[in-house]
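Chemist: model this:
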Amino acid sequence: MKHIIIYTDGACKGNPGAGGWGAIISYQATEKVISGSEKHTTNNRMEMMAVIQALSTLKERCKVDLYTDSKYVKDGCESWMHNWIKNNWLTAAKQPVKNQDLWEKLYALFQQQDINLFWVKGHSGHPMNERADALATQAIKDLLKGGIHYRN
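Modeler: Below you'll find the predicted structure:
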């Protein structure tokens, strides 16, 4: 089984506002860099989109070490999602889960891979997290200059 390492990050200018996401996908000596943006979104959605887009590039089952600086993504995937599904996508307070559309996509992608999820502190000098952040930030800048940005 291939061992893939992924670093992701999302960003927003305003929250909600223009958003961007970035991901670096590494396998052995090969690296793929992807990023994208949306005109009106939230930071949490961009954090989730980075993970969704990165995992969507995988064409077969892999062992994946996935790094995010989003506790929302990490806690959602590891602690909250199973209860949300069991409770028909309602929170413990019986409210609809925010971003259910993206959580459903994440759940499906997580079923296809063998994923170890790691949290890294954002903006703390971790080189790969800083690169993912730069991708997300650049995607926002490109969007604000006049077009939807997607780098693949």
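
Chemist: Residue 26 is in what secondary structure piece?
Modeler: strand 17-27 (DSSP states H and E).

Chemist: ok, that strand: who's next to it in the sheet?
Modeler: strand 3-14 (antiparallel), strand 30-41 (antiparallel) (DSSP bridges).

Chemist: Dump these into TSV; add mean neighbour count and distance to residue 128 as well.
Modeler: Backbone N, C-alpha and C define where each C-beta goes, glycine included. Shown next, in TSV, are the strands paired with strand 17-27 (neighbours: other C-beta atoms under 10 Å; distance: least, C-beta to C-beta, whole Å):
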stretch	mean neighbour count	distance to residue 128
strand 3-14	23	4
strand 30-41	17	10
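
Chemist: And those strands: which comes nearest residue 71?
Modeler: strand 3-14 (12.6 Å; C-beta to C-beta).

Chemist: residue ranges with poor pLDDT in this protein?
Modeler: Across the chain, residues meeting the criterion (pLDDT under 70) sit at 147-152.

Chemist: Please repeat the previous calculation with a cut-off of 90.
Modeler: Along the chain, segments meeting pLDDT under 90 span 122-126, 146-152.

Chemist: which residues of it fall in strands?
Modeler: Under the criterion DSSP state E, the chain carries strands at the ranges 3-14, 17-27, 30-41, 63-68, 114-119, 150-151.
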